[in-house]
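J.: Sequence below, structure please.
(chains A and B)
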Amino acid sequence: MNGPKTLFDKLWQAHVVRSLGDNLDLLHVDRHLIHDLSGARALTELQERGLAVRNPELCIATPDHSVSSQPGRTLASSPYGERLGGGLRKMAAAAGIPYFGLDHPNQGIVHVVGPETGFTLPGCLLVCGDSHTSTHGALGALAWGIGSSEVVHVLATQTVRQRRPQTMRISIDGDLGEGVEPKDVILHIIGHMGVAAGTGHAVEYAGSTIADMGIEGRMTVCNLSIEFGARMGMIAPDETTFAYLKERPLVPQNTPGDAAWDEAVTNWRGLRSDDDAVFDREVAIDAAEIAPQVTWGTSPGQTLAVTDTIPTPDSFVEAEQQNNTEAALDYMGLSAGRPIAGTRVDRVFIGSCTNSRITDLRRAAAIAQGRQVASHVTAWVVPGSVQVKLAAEAEGLDRIFLDAGFEWREPGCAQCVATNGETVAPGERCVSTSNRNFVGRQGPKARTHLAGPAMAVAAAIAGEITDVRNLAPLGETP
Amino acid sequence: MEKLQLLQGVAAPLPRANIDTDIITPAKYLLDSNRETMHEHTFEPLRFLADGRDNPDFVLNKPAYRNAVILITGRNFGCGSSRETAVWGLLGMGIRCVIAESFGDIFFNNCFQNSVLPIRLPGETIAKLLAEAGDDQGNTQFQVDVATRTLTTPSGRTITFDLTPDRQTALLEGLDEVGQTLKEDDATATFQIQDRAARPWIYELGSIV
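T.: The predicted structure is shown next:
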């Protein structure tokens, strides 16, 4: 392969330990993130099989899924925190894997902790037993989620067997409109393409909109790659990436006589698709067409502009889509043909590996400042990591949220996934900055509307789904 | 891993697209994560009524399909979360083969880790299979032959499906990937020595105080 290469080709090629034939390669895993939901179990299975963790120094472990986000929490504050988080602590210690527990300044959601510590690097191959691992592609990493058997495989061998996916480039060009966030960009893409359009593909996001986007916004975009089926999402590292990473604790540092950081950056600058590289599929998106989004159904592809009306089943041609729409409307308790704006909400959740980083919280706080959460709404802000929490508190964002009537909580997956006792009650409606509006995702019969942080705050203030542009102070789009 | 060579039995039609792994295994059951009992909760939102009784309309609750070994379903089956418990649950219900137009990538991969065969077939073929599995009311047998990569329907139609040779061998012989890859450890060691020279920053992490 001496011809022009895509970013994906370069990343893949750099990790082939051995070709196993038939499009199947054994790839080296540079970074492995381990969390409480599957970590202790995988490490126990390894031990039972008499196998050792091959490279514990290339792993980090932190509890996020099962822990409580309640202020003052301990592992015992959630039903399974002690068993799963405590199990992870014990097994990680035995294996020599660095563990960031609830009392550690780097605890948090795995996909927040990886980038912010510099564990995730451009050009690295990173896996984790979680489908939102595509997040790390925002830094130019080759990253994807694996199943629990594969977690055991990686622990034992520091490799993963993988078939080479097809390649897709999604180019987004132009300036985003007022009030439009990275979450809106990716929801728009998923709605536009359909929830299975990315299946079997490694997706590179490119174009001027991405180039102008901050690194945390890029993480939001890459995070939701899995929601249209893409195996991986990635963005070529650039000066924005290097500026974000420089001097984070786990990145290479320049020292007298060793320009380790400079050497790494020189290498990383080559991690971009060659100008004449060919992709299996190319998609172009016009940023000007993207409006603030909110989902109406039970799949992330069932999204619309906040100014739109809820679709009617007969607006679809295929019988299958008509049935899906009917089932989704029934579950969500919505009436077809009515505007989505004005739908009364019970809860608002700002957090998750999609939207819990400092820039997300700054945008949310900018809308919340000087306003009040509607009296019938319970609204939570759950920072993605201890580091995000401390940074937000240093800036006074916690005061803004608390004064507005939000709860300010401790880092974890919280209400994104019903594995920590923090659920949305049956029939309740929640505007959530998380990643899945699936049936039962936030708890049995919970109704989830996905949106970006600014739209979520707007819903909390108005007590109903509302267009953030009607609230946002003009000219203040961070 | 258990072998899968020849599968004969009832095929259950579940004509619904985008069945995600949160539907197959609701999140709360990830906490106990018991491989043996996972099937008790599989498909919970579709399978049970609000009061906990069986939903009589759900195909795997119908007497004729309770012993199904094959599931024929809509496109993008198993999308979403990476939870392998979804496959454990299917396995516990006796399902060893899932046939759909497309699958979530991670689910597809997880199937092979548990000796469950996912088969991708074109939409029009799926439509015919769904009809045949529905019409026969579970009275007749489908057959899946891994060695010849063929599916035979009750009406005698034979359909060939794709299966890569490595996966075919793993199913036929019950091979475990960890065991296979450990044999390649010298190659991994060599890779790391060369790679460390080219990309030292991958192996020499800073420290967190």
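J.: isn't A:N267 right up against A:C124?
T.: No. Assessed by Cβ atoms under 8 Å, A:N267 is found out of contact with A:C124, at 11.3 Å. Yep, even glycine has a C-beta here, placed from its N, CA and C like the rest.
J.: Point to the residue nearest the middle of chain B.
T.: Closest to where the C-alpha atoms of chain B average out (Cα atoms, centre = their mean) is B:C111, at 3.7 Å.
J.: Name all residues that make contact with A:G229.
T.: A:G229 makes contact with A:V195, A:A196, A:A197, A:G198, A:T199, A:G200, A:H201, B:N76, B:C79, B:G104, B:D105 under the criterion Cβ atoms under 8 Å, 6 or more residues apart in numbering or on different chains.
J.: before we move on, what about A:V160?
T.: Under the criterion of Cβ under 8 Å, 6+ apart, the neighbours of A:V160 are A:L26, A:L27, A:V29, A:L125, A:V127, A:I146, A:E150, A:H153, A:V154.
J.: part of a helix, is it?
T.: No. Under the criterion used here (DSSP: H, G, I helix; E, B strand; the rest coil), A:V160 is strand, not part of a helix.
J.: So what pairs up with it in the strands?
T.: On the basis of DSSP bridges, A:V160 takes part in beta bridges with A:L27.
J.: any idea how far it is from A:T241?
T.: 24 Å (Cβ to Cβ, to the nearest Å).
J.: Read off the pLDDT value for residue 165.
T.: Defaulting to chain A. The model reports A:P165 with a pLDDT of 97.
J.: actually it's chain B I care about, not the one you picked
T.: Predicted confidence (pLDDT) for B:P165: 94.
J.: now stretch A:230-250: mean pLDDT?
T.: For stretch A:230-250, mean pLDDT is 97.
J.: How about that stretch and chain B, any contact?
T.: Yes. Using Cβ under 8 Å from any Cβ of the partner chain, a contact is recorded between stretch A:230-250 and chain B, made by A:R231, A:P249, A:L250.
J.: Endpoint to endpoint, that stretch covers what distance?
T.: Start-to-end span of stretch A:230-250 (Cα to Cα, to the nearest Å) is 28 Å.
J.: Strands of the stretch 201-350 of chain A, start to end?
T.: A:201-206, A:232-234, A:254-255, A:258-259, A:281-286, A:293-295, A:303-305, A:347-350 (DSSP state E, counting those that start in this stretch).
J.: need those in CSV with mean neighbour count, can you?
T.: Formatted as CSV, those follow (neighbours: other Cβ atoms under 10 Å in any protein chain shown):
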stretch, mean neighbour count
strand A:201-206, 26
strand A:232-234, 30
strand A:254-255, 12
strand A:258-259, 13
strand A:281-286, 14
strand A:293-295, 27
strand A:303-305, 22
strand A:347-350, 28
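J.: In JSON lines: those strands, plus distance to A:D314.
T.: Converted to JSON lines, these look like this (distance: least, Cβ to Cβ, whole Å):
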{"stretch": "strand A:201-206", "distance to A:D314": "32"}
{"stretch": "strand A:232-234", "distance to A:D314": "34"}
{"stretch": "strand A:254-255", "distance to A:D314": "63"}
{"stretch": "strand A:258-259", "distance to A:D314": "65"}
{"stretch": "strand A:281-286", "distance to A:D314": "28"}
{"stretch": "strand A:293-295", "distance to A:D314": "20"}
{"stretch": "strand A:303-305", "distance to A:D314": "17"}
{"stretch": "strand A:347-350", "distance to A:D314": "32"}
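J.: To A:A138, which of those strands lies closest?
T.: Taking Cβ to Cβ, strand A:232-234 is the member of those nearest to A:A138, at 7.7 Å.
J.: how far does that closest one sit from the chain's center?
T.: Put simply, strand A:232-234 sits 11 Å off its chain's centre (Cα atoms, centre = their mean, to the nearest Å).
J.: before we move on, back to that, who's the nearest residue to the residue nearest to the centre of chain B once chain neighbours are set aside bridged to?
T.: Distance criterion Cβ to Cβ, 6 or more residues apart in numbering or on different chains; nearest residue to B:C111, sequence neighbours excluded, is B:P118 at 4.5 Å. The partner list for B:P118 in beta bridges (DSSP bridges) reads B:V98.
J.: The longest helix seen in chain A near chain B anywhere?
T.: In chain A, with assignment by DSSP state H, the single longest helix is helix A:319-332. Yes. Judged by Cβ under 8 Å from any Cβ, helix A:319-332 and chain B are in contact via A:E320, A:N323, A:N324.
J.: pLDDT below threshold where in chain A?
T.: Chain A contains residues with pLDDT under 70 at A:1, A:472-478.
J.: same question, chain B
T.: Chain B contains residues with pLDDT under 70 at B:136, B:209.
J.: again, only this time at 50
T.: Along chain B, no part satisfies pLDDT under 50.
J.: all helices of it, in order?
T.: B:21-24, B:44-47, B:85-92, B:105-112, B:123-135, B:165-173, B:177-182, B:185-198, B:200-203.
J.: other SSEs contacting the fourth one?
T.: Helices and strands in packing contact with helix B:105-112 are listed as helix A:148-157, helix B:85-92, strand B:117-120, helix B:165-173; criterion 3 or more Cβ pairs under 8 Å, 6 or more residues apart in numbering or on different chains; DSSP states H and E.
J.: and the direction of that helix versus that of helix B:85-92, what angle?
T.: Angle of helix B:105-112 versus helix B:85-92, following axes from the mean of the first three to the mean of the last three Cα atoms, to 10 degrees, is 40 degrees.
J.: Please save the CA atoms from helix B:105-112 in CSV.
T.: C-alpha atoms of helix B:105-112 as CSV (Å, rounded to 0.1, in the frame of the first residue of the first chain):
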residue,chain,number,x,y,z
ASP,B,105,-21.0,-4.4,14.9
ILE,B,106,-20.1,-5.1,18.5
PHE,B,107,-23.0,-7.5,19.0
PHE,B,108,-22.1,-9.3,15.8
ASN,B,109,-18.6,-9.8,17.1
ASN,B,110,-19.8,-10.8,20.6
CYS,B,111,-22.0,-13.6,19.1
PHE,B,112,-18.9,-15.4,17.8
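J.: For A:A404, which residues are in contact?
T.: Neighbouring residues of A:A404 by Cβ under 8 Å, 6+ apart: A:A368, A:Q369, A:G370, A:R371, A:Q372, A:V373, A:I461.
J.: let's see it at 6 Å
T.: Counting by Cβ atoms under 6 Å, 6 or more residues apart in numbering or on different chains, A:A404 touches A:A368, A:R371, A:Q372, A:V373.
J.: Quick check: it vs chain B, distance?
T.: A:A404 is 30 Å from chain B, where distance means Cβ to the nearest Cβ, to the nearest Å.
J.: Find the nearest non-adjacent residue to that residue, please.
T.: Counting by Cβ to Cβ, 6+ apart, the nearest residue to A:A404 once its immediate chain neighbours are dropped is A:A368, at 4.3 Å.
J.: same for the host helix or strand of A:I186, what does it pack against?
T.: Using DSSP states H and E, A:I186 falls within helix A:182-193. When contacts are defined as 3 or more Cβ pairs under 6 Å, 6 or more residues apart in numbering or on different chains; DSSP states H and E, helix A:182-193 sits against helix A:215-223, strand A:293-295.
J.: From the rest of the structure, what touches it?
T.: Counting by Cβ under 6 Å, 6+ apart, residues outside helix A:182-193 touching it are A:217, A:220-221, A:224, A:227-228, A:290, A:292-293, A:300-301, A:303, A:452.
J.: try 8 Å
T.: By Cβ under 8 Å, 6+ apart, helix A:182-193 touches A:170, A:172, A:176, A:209, A:213, A:217-218, A:220-221, A:223-225, A:227-228, A:283, A:285, A:287, A:289-293, A:295, A:300-304, A:354-355, A:433, A:450-453, A:455.
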